[in-house]
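*Asks:* any chance you can model this:
(chains A and B)
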There are 2 protein chains.
Amino acid sequence: MEQAFVALKERLAQVEDLRAAADVLEWDQETYMPPGAGAARAAQIATVRRLAHERFTDEAVGALLEKLAPAVEDRDPLSFEASLVRVARRDYEQATKLSVDLVGALAEAVSLAKEAWKEAKETNAFPVFAPHLQRLVELNVEKAEALGYADRRYDALLDQYEPGLKTAEVERVFQDLAKKLVPIVHAVAAHEPPDDSFLHQPFSEEKQWAFGVSVIQDFGYDFERGRQDRSLHPFSTAFAISDVRITTRIKAEFLNTALFGTLHEAGHALYEQGIDPELERTPLADGTSLAMHESQSRLWEILVGRSRPFWQHYYPRLQATFPTQLSGVSLEAFYRAVNKVQPSLIRVEADGLTYNLHIMLRFDIEQALIEGRVGVNDLPDLWNETMHEYLGLRPATDTEGVLQDIHWSLGAFGYFPTYALGNLISAQLFEKIRADLPDLDQEISRGRFAPLLHWLRTHVHQYGRKLTATEILERTTGEGLTAEPWLAFVREKYGVSMSN
Amino acid sequence: MEQAFVALKERLAQVEDLRAAADVLEWDQETYMPPGAGAARAAQIATVRRLAHERFTDEAVGALLEKLAPAVEDRDPLSFEASLVRVARRDYEQATKLSVDLVGALAEAVSLAKEAWKEAKETNAFPVFAPHLQRLVELNVEKAEALGYADRRYDALLDQYEPGLKTAEVERVFQDLAKKLVPIVHAVAAHEPPDDSFLHQPFSEEKQWAFGVSVIQDFGYDFERGRQDRSLHPFSTAFAISDVRITTRIKAEFLNTALFGTLHEAGHALYEQGIDPELERTPLADGTSLAMHESQSRLWEILVGRSRPFWQHYYPRLQATFPTQLSGVSLEAFYRAVNKVQPSLIRVEADGLTYNLHIMLRFDIEQALIEGRVGVNDLPDLWNETMHEYLGLRPATDTEGVLQDIHWSLGAFGYFPTYALGNLISAQLFEKIRADLPDLDQEISRGRFAPLLHWLRTHVHQYGRKLTATEILERTTGEGLTAEPWLAFVREKYGVSMSN
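*Replies:* You can find the predicted model right below:
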């Protein structure tokens, strides 16, 4: 056992080193790489990722895992040994189920589909993208069949991002959510939206940057083990527990982009910085699922960063930073402006209330596609109909409709629902945190986040992938995934009574 | 042939991708990496480098090379195929001669020696470093024996950095150089050094940065395929022909550091940016030797960047950039200040005239060490004696003497001479360039460097490693390595007549 475990750990550490190297290459590509280096960098990333895959799927790894699986059976499932063998074995099974041919065909199809999608979006020409989407659906069906599933075909794809979560469960939660959320959105949309014109003014980029940094330092983001850079699209990435970086983008004339983007990415990064250092250089040193990851970013961005207590503390500081822009704006007016709700067509511009409806729309469509209930050519109409049903809007073009997101062109099916699930989980956790920390609002209104971060570290972050998202929810809240806490949160926030 | 060559190219491309990934990891470590990430990064670099080594030394590579060697024999030696097989074969033979045990022992000894060297230097305690240096000398002797040599043991080590160059040749050139240079240095040092106090004033770091960037853009450094960042020690690094980066450091109160450092690193980078794109992702896409690399940096830094024609063009611009600091300083006074000669104890602070003596001192000592003519414990006295002989100075401490450089603690023997050889080669090439481009000074005095860069690209850069340094010298100047052009250059520059 001991010797085999050491050998496994060393093997997996090398794979993690290679993955980290590829992540650094990608981070550099998004932040500092000179424009002419794209082709060379693509080759470098492909080589390093392929090697990481080869070394991980090596038969020797499989043999070690088979040998160790029975040996750790009687261990505490949360022990390092049992967790590593369990999670690595699951990854190994997934990774070895896909043939080299299928992986190659997917990569090629994605490469073509991305270009076609760009052209289709630019020229509002869905038929340009349709055959590529058709091919990617077929290949994803093949992939789902190769990965295997007990109940629904979409389960296999969802499972890549949300280990253990089932389509039926998501359906149950989303159907309940849609039924209750649509009337809330309609009720809120019936009122005149708050004035947020003062958020659209010139704001010094240096001051925007510095303000965001000062807030996430207060949150507990550790700049000794991370850094922030600028990029076109904000993201967070971890090369090690001791090196978790974020990026942001700044708009010179809109305050929200950098500010809430920074808080969002810091939420992701706090998760990874909080993983038990014992898990370094193992596949356990990662967020346990995309939804759990998103729950952390949404918790810090929305439940904390767009709350009244938060702005009670930070608004005077923000006003002092931007006196000419904000001197005439009251705390309440500012609070309402950064929480403005307005149904819109584009997901990435959606507010916190309507965002989940954008996601549910995509979930409905993509699982119907994968399970063969709709065809690619049905998509534009189906999209527009559902959009109207959920948000009362109808896109004038496919560019503003079914063509708006890059995800499907990347062959990513099963990814979208994790955004909405992240919102729901954030509210589930926050409800429990409020119960455990009765002074939470008061602490936040004083700019003190240590108790909140400590709770998250203790109950979520430290485990990395030792616990699944569902296990974390069950251990902390005593129940599985539910939309109720999130619905309660938005009802209260937007002053919509239960009868709505 | 065709199939085997394609297979070899693909193998080597993967190795280059891995090396580039390791180089990016190291670049990031020196520029942006958060301080807490050191341990994780060391592991990542070690894994990627080890894998690159493993994949390169794989028997399959050796078999392909053996198969291809006769097939390319009748090809033009400068053809892509013949060059790739020849150079890769040489690298392969070198890489497979060293046992895993020896490589491991060296890495371990270096890791210990570095720490001991730091402590010894800080506390002026040579005996702390001595046993580690002894061990590194022994291991390098073992390495030289494993690599093999025909004449001198030091040849094997020198050959790692200067393929094909022999110790006897360097000795011959250096002995001649020392004999002629020492009197020049004494003659120049007999005069009162020029006033350079105006170089030691506060200079805006942003303006220093911008000035350096504008000059290297004029040189032809391509920011579409490169970038400059700050680091503690300036360096250049290439991840691809399309991604060649430099770093600089800026002193707030000394103009020379960033200015000439930037020109120096840009010289290295222009070399790598000028390699024929056909050589991308092959081991041919690199400078052909350290001395040839250094010749390019010294050519742009010193022969161009510290010349009168250069400052005729740039000094008015520099004065306009720093009017309060430089308004009372004439062009001639500025020119003299940036070419000030003053014998000093520390190599990295040495001027362009005395620098070569610092190197010859190190060459004398390290080959005597490797060839067993002196012992480690003789070093402090030997150093101080030779220093006195060459530069008329005697270090008061070993910290300022034998302990000043990091190189030996890194196990690098055979590296030092390349610095001085770079100086000599730069002057050899420049003499030939002057003959080929009679208008060179006039062009430079107008800030026009295209003819110079074109000459270097045509005769040096494009070849990468297809030609050795000696071959380039012979093809361009018609002769091998000689110190005469450099001596003529410094005699003219410092107004020392031949009789000196």
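
*Asks:* how close does A:Leu69 sit to A:Ala130?
*Replies:* Wrong residue type there; residue A:69 is Ala, not Leu. For A:Ala69, the distance to A:Ala130 equals 45 Å [C-beta to C-beta, to the nearest Å]. Bear in mind the C-beta positions are built from the backbone N, C-alpha and C, glycine included.

*Asks:* got it, and A:Gln312?
*Replies:* Per C-beta to C-beta, A:Gln312 is found 51 Å from A:Ala130.

*Asks:* same question for A:Leu487.
*Replies:* Relative to A:Ala130, A:Leu487 is positioned 37 Å away (C-beta to C-beta).

*Asks:* cool, and A:Asp155?
*Replies:* As judged by C-beta to C-beta, A:Asp155 and A:Ala130 stand 26 Å apart.

*Asks:* got it, and A:Ile184?
*Replies:* If you measure A:Ile184 against A:Ala130 using C-beta to C-beta, the figure is 35 Å.

*Asks:* quick check: end-to-end length of stretch A:154-169?
*Replies:* End-to-end span of stretch A:154-169 (C-alpha to C-alpha, to the nearest Å): 12 Å.

*Asks:* in that stretch, what's buried?
*Replies:* A:154-163, A:165-167, A:169 (16 or more other C-beta atoms under 10 Å in any protein chain shown).

*Asks:* show me which pair in those is furthest apart.
*Replies:* Greatest spacing in these, by C-beta to C-beta: A:Gln160 and A:Glu169 (15.9 Å).

*Asks:* for stretch A:169-182, what is the average pLDDT?
*Replies:* For stretch A:169-182, mean pLDDT rounds to 95.

*Asks:* now do the contacts for A:Arg434.
*Replies:* With contact set as C-beta atoms under 8 Å, 6 or more residues apart in numbering or on different chains, A:Arg434 has these partners: A:Leu440.

*Asks:* and the helix or strand encompassing it, which residues are buried?
*Replies:* Using DSSP states H and E, A:Arg434 sits within helix A:417-436. By 16+ other C-beta under 10 Å, the buried positions in helix A:417-436 come out as A:417-433.

*Asks:* packing partners of the helix ranked longest in chain A?
*Replies:* In chain A, taking DSSP state H as the definition, the longest helix is helix A:2-31. Applying 3 or more C-beta pairs under 8 Å, 6 or more residues apart in numbering or on different chains; DSSP states H and E, one finds that helix A:2-31 makes contact with helix A:38-56, helix A:59-71, helix A:80-97, strand A:236-240, strand A:243-248, helix B:2-31, helix B:38-56.

*Asks:* how is chain A partitioned into domains?
*Replies:* For chain A, the structural domains run A:2-150, A:151-500, going by automatic domain parsing.

*Asks:* which one is the residue in the stretch 301-450 of chain A that chain B sits nearest to nearest to, not counting chain neighbours?
*Replies:* Here the stretch 301-450 of chain A gets closest to chain B at one residue, A:Ala450, 19.5 Å apart by C-beta to the nearest C-beta. Once flanking residues are discounted, A:Ala450 sits nearest to A:Gly220: 6.8 Å by C-beta to C-beta, 6 or more residues apart in numbering or on different chains.

*Asks:* could you do A:Ala113 as well?
*Replies:* Residue nearest to A:Ala113 in three dimensions, not counting chain neighbours: A:His132, with 3.8 Å by C-beta to C-beta, 6+ apart.

*Asks:* so what's the residue count around A:Gln217?
*Replies:* A:Gln217 has 12 neighbours, counted by other C-beta atoms under 10 Å in any protein chain shown.

*Asks:* in contact with it, which residues?
*Replies:* A:Phe223.

*Asks:* now with 10 Å?
*Replies:* A:223, A:266 (C-beta atoms under 10 Å, 6 or more residues apart in numbering or on different chains).

*Asks:* would you turn the helices and strands packed on helix A:2-31 into TSV with distance to B:Phe334, mean neighbour count and mean pLDDT?
*Replies:* Shown next, in TSV, are the helices and strands packed on helix A:2-31 (distance: least, C-beta to C-beta, whole Å; neighbours: other C-beta atoms under 10 Å in any protein chain shown; pLDDT from 0 to 100):
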stretch	distance to B:Phe334	mean neighbour count	mean pLDDT
helix A:38-56	41	19	93
helix A:59-71	64	16	97
helix A:80-97	64	19	97
strand A:236-240	46	24	98
strand A:243-248	43	25	98
helix B:2-31	31	19	96
helix B:38-56	42	19	93
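
*Asks:* B:Pro323 is nearest to which of the ones you listed?
*Replies:* It is, among these and with distance given as C-beta to C-beta, helix B:2-31, at 32.0 Å.

*Asks:* point out where chain A drops to low pLDDT.
*Replies:* Applying pLDDT under 70 to chain A picks out residues A:497-500.
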